[in-house]
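*Asks:* Dropping the sequence and predicted coords here.
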Amino acid sequence: MATMTYRFEPPAEPPADPRPRVAVFGAAGATGQHAVRHALAAGLRVTACVADPEHLPLSHEALRLVHADPLAPDSLHGVLDGHDAVLCLVGHKPELLEHRDAPARQPPRAALATRHLVAAMSEAGVSRLVLMGAAGVGNSIATGVLGLGRWLQWALPEVMADKERQEALVRGSALNWTVLRPARFSHAPASGRVNVGENLRWGWRAVPREDVAALMVRLIDDPAAIGKVLTVA
């Protein structure tokens, strides 16, 4: 019987997914969920980083839910590998002056979470960051109508000081960052239109959360926004 030789080709590697990958921190929050939806609608692969995945009732073939808490830096190891950008929506629920003595109140920790996140991004080689800050920080104190910026500094001293530290950490980093400073939020339907700019006047009028989330997603690929602090009003 003649000798026959069979050659077996190894299975072809599946083609790499060309869609950019973005990690969203604060994804379970009211604005964060909008950011996840808009990023998916924009054709991005999304890693939703949440302390408890059960708090994000979303599913999509391009969505991955991971347990990653920026207040627990050990949970961030390896999470950002292979990502192109990060949206950071971690913050602190404001508590007005009359509520400061509530026993359940926790100190604001947005700056601490952001410090850990910036370190994790540097470790993973991810440079693009879009951060949701707050109006009433930095030079936007003076641009609030009728002294609103200074009122916030008086009414929410701990929260605003934490936001100042958070923004300073980002601005002092080597990342390609953009900071958004929204004023008041509303749960109104998206208007599809927001005013955004440096040194923009802002006031009591609320901005729909979904509009801010959509703007954050759009800014990921906007090179003109890198290194800018933008007020949203």
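*Replies:* Nice, thanks for sending it over.
*Asks:* Please report the distance of the closest residue to Arg209 other than its chain neighbours from Pro208.
*Replies:* Leaving aside its sequence neighbours, Arg209 sits nearest to Thr31 (C-beta to C-beta, 6 or more residues apart in numbering; 4.4 Å). (C-beta placed from N, C-alpha, C; glycine too.) Noted for Thr31: a distance of 10 Å to Pro208, by C-beta to C-beta, to the nearest Å.
*Asks:* Give the intersection of the neighbour lists for the two.
*Replies:* Common neighbours of Thr31 and Pro208 are listed as Phe185 (criterion: C-beta atoms under 8 Å, 6 or more residues apart in numbering).
*Asks:* one step back: run through the neighbouring helices and strands of the strand or helix carrying the residue nearest to Arg209.
*Replies:* For Thr31, the host element (DSSP states H and E) is helix 30-41. With contacts defined as 3 or more C-beta pairs under 8 Å, 6 or more residues apart in numbering; DSSP states H and E, helix 30-41 has these neighbours: strand 21-25, strand 45-50, helix 209-219.
*Asks:* which residues touch the second one?
*Replies:* Think strand 45-50. For strand 45-50, the surrounding residues in contact (C-beta under 8 Å, 6+ apart) are 17, 19-25, 27-28, 32, 36, 39-40, 56, 58, 60, 62-70, 79, 83.
*Asks:* State the mean pLDDT of it.
*Replies:* If you average the pLDDT over strand 45-50, you get 95.
*Asks:* Same question for the shortest one.
*Replies:* Strand 21-25 shows a mean pLDDT of 97 in the predicted model.
*Asks:* and that strand, which strands flank it?
*Replies:* Applying DSSP bridges, strand 21-25 is found paired with strand 45-50 (parallel), strand 85-88 (parallel).
*Asks:* How far off centre is that strand?
*Replies:* Put simply, strand 21-25 sits 8 Å off its chain's centre (C-alpha atoms, centre = their mean, to the nearest Å).
*Asks:* next one: the last one
*Replies:* Here the centre of helix 209-219 is set off from its chain's centre by 10 Å, with C-alpha atoms, centre = their mean.
*Asks:* Poorly predicted segments of this protein, please.
*Replies:* 1-16, 92-106 (pLDDT under 70).
*Asks:* contacting residues around Asp211?
*Replies:* So Asp211 contacts Ala190, Ser191, Gly192, Arg193, Val194, Val232 (C-beta under 8 Å, 6+ apart).
*Asks:* repeat for Leu180
*Replies:* Neighbouring residues of Leu180 by C-beta under 8 Å, 6+ apart: Val130, Leu131, Met132, Gly133, Val196, Val212, Leu215, Met216, Leu219, Leu230, Thr231, Val232.
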